[in-house]
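Q: what's the 3D shape of this:
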Amino acid sequence: MSTCHHTLRLAEQLISRASVTPDDAGCMDLIADALRPLGFACEFIESGPETFRVRNLWAKRPGRSAQVLAFAGHTDVVPTGPLSKWDSDPFTPTHRDGQLFGRGASDMKTSLAAMVVAVQEFLASHPDPQLGIAFLLTSDEEGPAIDGSVVVCKALLARGEAPQFCIVGEPTSVLQTGDMIKNGRRGTMSGQLTVQGVQGHIAYPHLAENPIHRLAPALAELVGTRWDEGNAFFQPTSWQVSNIHAGTGAGNVIPGDCVVDFNFRFCTESTPEGLQQRLTSVLDRHGLRYGLKWTVGGLPFLTTPGTLVAAIQQAITDETGLTTELSTTGGTSDGRFIAQICPQVIEFGPPNATIHKVNEHVALADIAPLKNIYRRTLEQLNQAMPA
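A: As a prediction, the model looks like this:
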């Protein structure tokens, strides 16, 4: 059986496991079983309460140098949604029209399979490489993400085992595998603002204080604020309101408070502390009585062109002829945690047009190039290692 068929077969085996967050459903055992014969020491790290137990895998094979490339990813998938809307069972890998269908086909079980087979091929031709190789996998990327990669990263940092390079297998491509990689991501910070007023009868507004009316001028100023200008790699920081809640349900009552949920997606030109200070200064200037709760979901990270970016750019060109685009757009990933301990982190995977959707799929023609790019990147990095 060819290595392309090996990749497809492993992807199908992973897709057939209903690993909805936080259930790994045996995916990591399957991967660990493939890695141990290659010389990987496999360590399972569990975290979280019994009602939401998260499984993580750290597998490592040392090289002759101290430099390590970690392949990172997640075995968990989002829920399927209504099964009646799928054209085939989401956990039965199915081929139609040159596509592989199934939940996780694009996000990101095909990437995991391609990584494993790429390492198998690389070690078959480089049995004693300079480069060390590792896998950092979690079953809590699509969920709260508090017992997954962040827990493993803290453990690796504490024992001085952090990798120097990392490829996260998120689906980053647009039209064709290799046309885009992510060399950074914006940070995310959410807030819940409660503006306090005085409840009263709507016919006697002088006896009440309408928090919606009090908020409106401040909200308009926040909407019009330019938080930063971005930079060569990031678009400017954005601020968006997602929900506004007020009122008692009655049409003749001025509400006593107004609750606003909002989110910053911020670049490396801003910090959580700076954004918080600027927002509260607007609220204070408008004389609001308020409470604020903040949640920092992740800090931005950026890997400027260097050893890892050059290696994967060359690998993509050699395999596909494409000149890949560097991008920092989109949502967050576990790269935000890994970048806190690893100096060079990029994300690369297949096209992402169907992720989290009904009938999620990946093109069969994209599977071999994906695996080959991972393998070629290993070869490029190994060649760059000091003897």
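
Q: would you map the strands across the stretch 51-200 of the chain?
A: In the stretch 51-200 of the chain, strands defined by DSSP state E, counting those that start in this stretch lie at 54-61, 68-74, 94-96, 99-101, 132-138, 165-168, 180-182, 184-185, 187-196, 200-201, listed in chain order.

Q: what pLDDT, on average, does stretch 269-279 get?
A: For stretch 269-279, the mean per-residue pLDDT is 98.

Q: er, stretch 22-30 actually
A: pLDDT averaged over stretch 22-30 gives 98.

Q: cool, and stretch 287-302?
A: Stretch 287-302 comes out at a mean pLDDT of 96.

Q: let me see the contact set for the most centrally placed residue in the chain.
A: For the chain, the residue nearest the mean C-alpha position is residue 333 (1.4 Å; CA atoms, centre = their mean). Neighbouring residues of residue 333 by CB atoms under 8 Å, 6 or more residues apart in numbering: 141, 168, 170, 182, 185, 347. For the C-beta atoms, the positions are set from N, CA and C on the backbone; glycine is no exception.

Q: cutoff 10 Å now
A: Residue 333 makes contact with 72-74, 108, 141, 145, 149, 168-170, 172, 182, 185, 298, 301, 339, 345, 347 under the criterion CB atoms under 10 Å, 6 or more residues apart in numbering.

Q: what's the pLDDT at it?
A: You'll see residue 333 listed with a pLDDT of 92.

Q: grab the nearest non-local neighbour of it.
A: Nearest in space to residue 333, with sequence neighbours left out and distances taken as CB to CB, 6 or more residues apart in numbering, is residue 170 at 5.0 Å.

Q: and for the one you found, the neighbour number?
A: Neighbours of residue 170 under the rule other CB atoms under 10 Å: 29.

Q: how much space between it and residue 348?
A: In this structure, residue 170 lies at 8 Å from residue 348, with CB to CB, to the nearest Å as the measure.

Q: now residue 21
A: For residue 21, the distance to residue 348 - CB to CB - is 22 Å.

Q: quick one: the strand or helix carrying residue 220 to strand 187-196, angle?
A: Element membership for residue 220, per DSSP states H and E: helix 211-223. Counting by axes from the mean of the first three to the mean of the last three CA atoms, to 10 degrees, helix 211-223 lies at 150 degrees to strand 187-196.

Q: packing partners of helix 211-223?
A: Helix 211-223 sits against strand 187-196, strand 238-246, strand 253-254, strand 257-266, helix 272-285, strand 290-298, with contacts defined as 3 or more CB pairs under 10 Å, 6 or more residues apart in numbering; DSSP states H and E.

Q: kindly recompute the last result at 6 Å.
A: For helix 211-223, the packing partners by 3 or more CB pairs under 6 Å, 6 or more residues apart in numbering; DSSP states H and E come out as strand 257-266, helix 272-285.

Q: for the ones you listed, could you give me CSV that also reports mean neighbour count and distance to residue 373?
A: As requested, the helices and strands packed on helix 211-223 are exported to CSV (neighbours: other CB atoms under 10 Å; distance: least, CB to CB, whole Å):
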stretch, mean neighbour count, distance to residue 373
strand 257-266, 20, 28
helix 272-285, 14, 35
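
Q: out of the ones you listed, the one nearest residue 15 is which?
A: Nearest to residue 15, of all those, is strand 257-266, at 30.6 Å by CB to CB.

Q: send me the closest one as PDB with only the CA atoms.
A: Extracted C-alpha coordinates of strand 257-266, given in PDB (Å, rounded to 0.1, in the frame of the first residue of the first chain):
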ATOM      1  CA  ASP A 257     -29.500  48.100  34.100                       C
ATOM      2  CA  CYS A 258     -28.200  47.300  30.600                       C
ATOM      3  CA  VAL A 259     -25.700  44.400  29.900                       C
ATOM      4  CA  VAL A 260     -23.400  44.600  26.900                       C
ATOM      5  CA  ASP A 261     -21.200  41.700  25.700                       C
ATOM      6  CA  PHE A 262     -18.300  42.700  23.500                       C
ATOM      7  CA  ASN A 263     -15.000  41.300  22.100                       C
ATOM      8  CA  PHE A 264     -11.700  42.700  21.000                       C
ATOM      9  CA  ARG A 265      -9.700  40.900  18.400                       C
ATOM     10  CA  PHE A 266      -6.300  42.600  18.900                       C
END
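
Q: if we can go back for a sec, more crowded one of residue 21 and residue 348?
A: Shown here are residue 21 and residue 348; by other CB under 10 Å, residue 348 has more neighbours (26 against 22).

Q: just to revisit the earlier point, how close does the residue nearest to residue 333 get to residue 291?
A: On the measure of CB to CB, residue 170 and residue 291 end up 36 Å apart.

Q: same deal with residue 134?
A: Going from residue 134 to residue 291 by CB to CB gives 44 Å.

Q: same question, residue 238
A: Distance, residue 238 to residue 291, using CB to CB: 24 Å.

Q: can you check residue 41 too?
A: 49 Å.
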